[in-house]
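Engineer: Starting from these lines, generate the structure:
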Amino acid sequence: MKRIYVYAGAEISSRDYSDFRVGERANFALEFYSKSSLLPSSERNILAEHLKCAFYKVCGKVVYRTKQVWVIDIGFLLFRLETPPDFAIKDSWVEGEICVSIAPDYYLEYLKKSLSDMPELACEFLIEQTMIDTTPLITVIDPVDNSEYWIGDETKISFREVKSARDTFDDINGNGYILKCLRIN
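Structural biologist: Down below sits the predicted model:
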């Protein structure tokens, strides 16, 4: 069993998922995102070091790759629906910082149906804690296209514990939730 912290956003409103009530079990797959991208690694030791919120320092093995998706093993399997970097070939190793989140419905609906050799990514988790992200949002200007978007103010990160995510869905202010989960299988 492995305890992990995961981000949950829009998937809370999906009826394919539970309401992530504390004490309940839920099945879902995990997706990763990396701002700075994962890099090739000379290390050969699996690592998933919790940094903060749903962010981890990782070292893992690429266990699956197509032109549209790749899967890494960091002690549990995570996927990313994007064109993998050229160096991320099967059995290669990668490292860096990632955010771990609950996979949206498209994993169940699209990937499993269209890729018959896709590894099984869904696992059962016990929800130990649900926290709504109350971090204030700030406006940022994209230097490339001058568009505006909101991000959480990293100098004012804050959370409020709740019993159930769906019960407080209208309160999320665009930020989402952090779930503390215990992986059952």
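Engineer: Any stretches of this structure with poor pLDDT?
Structural biologist: For the chain, applying pLDDT under 70 flags the ranges 1, 10-18, 106-108, 165-175.
Engineer: And it, what are its domain boundaries?
Structural biologist: The chain breaks down by automatic domain parsing into domains covering 1-28+123-185, 30-121.
Engineer: Check the offset of the last one from the chain's centre.
Structural biologist: Chain-centre distance of domain 30-121: 10 Å, with C-alpha atoms, centre = their mean, to the nearest Å.
Engineer: now the first one
Structural biologist: Counting by C-alpha atoms, centre = their mean, domain 1-28+123-185 is centred 10 Å from the centre of its parent chain.
Engineer: Then stretch 122-138?
Structural biologist: Using C-alpha atoms, centre = their mean, the mean C-alpha position of stretch 122-138 is found 11 Å from that of the whole chain.
Engineer: how about the CA coordinates for it, as PDB?
Structural biologist: These are the backbone C-alpha positions of stretch 122-138, laid out as PDB (Å, rounded to 0.1, in the frame of the first residue of the first chain):
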ATOM      1  CA  ALA A 122      -7.000   2.200 -12.600                       C
ATOM      2  CA  CYS A 123      -6.400   1.300  -8.900                       C
ATOM      3  CA  GLU A 124      -8.500   1.300  -5.800                       C
ATOM      4  CA  PHE A 125      -7.800   4.000  -3.300                       C
ATOM      5  CA  LEU A 126      -9.100   4.800   0.200                       C
ATOM      6  CA  ILE A 127      -9.800   8.500   0.600                       C
ATOM      7  CA  GLU A 128      -8.200   9.500   3.900                       C
ATOM      8  CA  GLN A 129      -8.500  13.300   3.600                       C
ATOM      9  CA  THR A 130     -10.200  15.800   1.100                       C
ATOM     10  CA  MET A 131      -8.900  19.300   1.100                       C
ATOM     11  CA  ILE A 132     -10.400  22.200  -1.000                       C
ATOM     12  CA  ASP A 133      -7.700  24.500  -2.400                       C
ATOM     13  CA  THR A 134      -8.400  28.000  -1.000                       C
ATOM     14  CA  THR A 135      -5.200  29.500  -2.500                       C
ATOM     15  CA  PRO A 136      -6.000  33.000  -3.900                       C
ATOM     16  CA  LEU A 137      -5.700  33.200  -7.700                       C
ATOM     17  CA  ILE A 138      -3.600  35.800  -9.400                       C
END
